[in-house]
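[1] sequence unknown, structure follows:
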């Protein structure tokens, strides 16, 4: 009788860990989609917005129209490149999470984590160095912070599910 109960408990625990893995990989993939969306908004605002980027309407009181056209074009080209890398990182994270992590592929989980951490670790600290420009952090970084929290929760859940087998 005690043996039958322990087998049932183990099966129930396995079902719960599978659900944790599935939900964790879903959250990781959703964060990847959010990164893609942020990159698309970043890209579109480069061409149609009056400011420089999300939450940065002026630089030292100057708008894009006030800049030398060569400088404005150079900044625009950097924004397009940045948007491209944000979008491509989001695509990689989404695909790795949705197709790899759900299939218990540890390398897919690790690659998604390294891709996201590398991008965030290089990009975010620059926003807190010196007072080079003023930005509305809620608009400028808020969406990325929300996506990052969702990603981290998904990473922890998926890790628990990956290591349960």
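    Noted; the coordinates are in hand. Because the structure is predicted, anything quoted here is derived from the model rather than measured.

[2] for the helix ranked longest in the chain, packing partners?
    As assigned by DSSP state H, the longest helix anywhere in the chain is helix 2-48. Contacts defined by 3 or more Cβ pairs under 8 Å, 6 or more residues apart in numbering; DSSP states H and E place helix 2-48 against helix 69-95, helix 106-123, helix 142-162. Glycine gets a C-beta too; all of them are placed from N, C-alpha and C.

[3] which parts of the second one are buried?
    So that's helix 106-123. 108-109, 111-113, 115-116, 119-120 (16 or more other Cβ atoms under 10 Å).

[4] Off-centre distance for the helix or strand immediately after it in the chain?
    Next along the chain after helix 106-123, taking DSSP states H and E as the criterion, comes helix 137-140. The chain centre lies 15 Å from the centre of helix 137-140; the measure is Cα atoms, centre = their mean, to the nearest Å.

[5] How about residues contacting helix 137-140?
    53-56, 127 (Cβ atoms under 8 Å, 6 or more residues apart in numbering).

[6] The same query, at a cut-off of 7 Å, please.
    54-56 (Cβ atoms under 7 Å, 6 or more residues apart in numbering).

[7] Done for today, thanks.
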